[in-house]
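Asker: give me the fold of what follows.
(chains A and B)
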Amino acid sequence: ELKVEQNPLFLSMQEGKNYTIYCNYSTTSDRLYWYRQDPGKSLESLFVLLSNGAVKQEGRLMASLDTKARLSTLHITAAVHDLSATYFCAVDKATSGSRLTFGEGTQLTVNP
Amino acid sequence: EAQVTQNPRYLITVTGKKLTVTCSQNMNHEYMSWYRQDPGLGLRQIYYSMNVEVTDKGDVPEGYKVSRKEKRNFPLILESPSPNQTSLYFCASKRQGGGTNEKLFFGSGTQLSVL
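Answerer: Here you go, the predicted structure:
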């Protein structure tokens, strides 16, 4: 059974600081996704990582995938309050992006 | 505007009373899926569909049914709801075979309470 673990589950950080969220998964997969969810809202797709060594960046967020270590990271650079949200990683059990297993989510709070 | 539309947003019902949550997308996506979100558990996949008339079970299909008669619609049916199906439900869709453009688009969610 595929297990996806994120850590930390809760993260409080100051504006301007850097931090990394980790996503570990238990079985082989080459497809990993990151999503953002604001309180009371739906999920928004952030990154799609489809191969070992894939790196994607948008604004202050950068995601990477190491399939050999079964690890993805979401790095936050110079955090701002607008980044406060819950971040989920999801790993595909299949090869088509059809069978996603989500992590529990990391609730990020960025304080002024 | 490209979107996934779920209805209703909120629903309170009683045990055993059949209900349907509708989901429609206007992006001509092949793939559609249903998830439930519960505190501390993230999202769990209920059912998914790779195309019209093609559906398959996710991780937690018990107590749910789906159908995909048209490409744009993917309703979730609870034939006899029970309190353990109280949850926040999301429908999602995406284009198949799009590589790194395979982003999932989510609906706004349906908060279901079964009393």
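Asker: contacts, neighbours, all on C-alpha from now
Answerer: Fine.
Asker: who does residue B:43 bridge with?
Answerer: residue B:37 (DSSP bridges).
Asker: quick check, it in contact with residue A:102.
Answerer: Yes: contact status for residue B:43 versus residue A:102: in contact at 5.7 Å, counting by CA atoms under 8 Å.
Asker: of these two, which one has the most company?
Answerer: The residue with more neighbours, out of residue B:43 and residue A:102, is residue A:102; 27 against 23, by other CA atoms under 10 Å in any protein chain shown.
Asker: not counting its neighbours along the chain, what's nearest residue A:74?
Answerer: residue A:63 (4.5 Å; CA to CA, 6 or more residues apart in numbering or on different chains).
Asker: same deal with residue B:60?
Answerer: residue B:46 (4.9 Å).
Asker: now do the contacts for that neighbour.
Answerer: By CA atoms under 8 Å, 6 or more residues apart in numbering or on different chains, residue B:46 lies in contact with B:33, B:34, B:35, B:36, B:57, B:58, B:59, B:60, B:61, B:64.
Asker: not counting sequence-adjacent ones, nearest residue to the fourth one?
Answerer: Distances taken as CA to CA, 6+ apart put residue B:89 closest to residue B:36, at 4.4 Å, once the chain neighbours are dropped.
Asker: please, which helix or strand holds the nearest residue to residue A:67 once chain neighbours are set aside?
Answerer: Leaving aside its sequence neighbours, residue A:67 sits nearest to residue A:52 (CA to CA, 6+ apart; 5.1 Å). Here residue A:52, judged by DSSP states H and E, is contained in no helix and no strand.
Asker: assess the claim that residue A:52 and residue A:69 are in contact.
Answerer: No: using CA under 8 Å, residue A:52 makes no contact with residue A:69, being 9.6 Å away.
Asker: which one's more surrounded, those two?
Answerer: A count of neighbours by other CA under 10 Å puts residue A:52 above the other of residue A:52 and residue A:69, at 18 against 12.
Asker: how close does that one get to chain B?
Answerer: Separation of residue A:52 from chain B (CA to the nearest CA, to the nearest Å) stands at 13 Å.
Asker: now do the contacts for that residue.
Answerer: Residue A:52 sits next to A:30, A:65, A:66, A:67, A:68 when contact means CA under 8 Å, 6+ apart.
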